[in-house]
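Asks: I'd like to go over a predicted model; first the sequence, then the structure.
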Amino acid sequence: MKIKMGFVTNSSSTSFIAWGMQYETFELKELFGELLYEKEKESGECEYNTLEEFLDNCDIEDDIYYLCKKVGLDCRSWYDADMTYIGISPFDMKNNQTLDEYKIDIAEKFNKLGITDIDKDSLIQIEECWYNG
């Protein structure tokens, strides 16, 4: 038998470390549902007549992931959890950047995403790990 000393992981675990925010699924639907519904209607691909129908029948998590990526934020959630984490890894901070400057940049990305009530002081440290096995 071998014993490994130090950090150990395997392909069945996923980690997410970031400065950002956490949201429950219903909050994300409130924040992005109307925007995504309007985009789908504009594209001519929407098969639902109302926003409520759209939200009841569509899985919008992938769309939210792409909206976040578009503004430079990362988005993660465990496949059957009701919590989604949005932010940026502290390992992406520039060498000459202070933590306050870094958090201001992250807050500005949230504002570009349309979440305007976020500032540097409302960001939280996120440290999550999921076992997928």
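Replies: All right, it came through fine. Numbers count the residues shown, from 1 in each chain.
Asks: Count residues in the vicinity of I60, would you?
Replies: Each residue near I60 was counted by other Cβ atoms under 10 Å, and the total is 19. Bear in mind the C-beta positions are built from the backbone N, C-alpha and C, glycine included.
Asks: Identify the residue nearest it in space, chain neighbours excluded?
Replies: L36 (5.5 Å; Cβ to Cβ, 6 or more residues apart in numbering).
Asks: isn't I104 right next to K120, touching?
Replies: Yes. The pair I104 / K120 is scored as a contact, 4.9 Å apart, by Cβ atoms under 8 Å.
Asks: how about low-confidence regions in this protein?
Replies: For the chain, applying pLDDT under 70 flags the ranges 1-12, 79-81, 132-133.
Asks: and with 80 instead?
Replies: 1-14, 25, 45-46, 58-61, 78-81, 130-133 (pLDDT under 80).
Asks: still on that earlier bit, spit out the contact partners of the residue nearest to I60.
Replies: 54, 58, 60, 63-64 (Cβ atoms under 8 Å, 6 or more residues apart in numbering).
Asks: Fine by me, thanks again.
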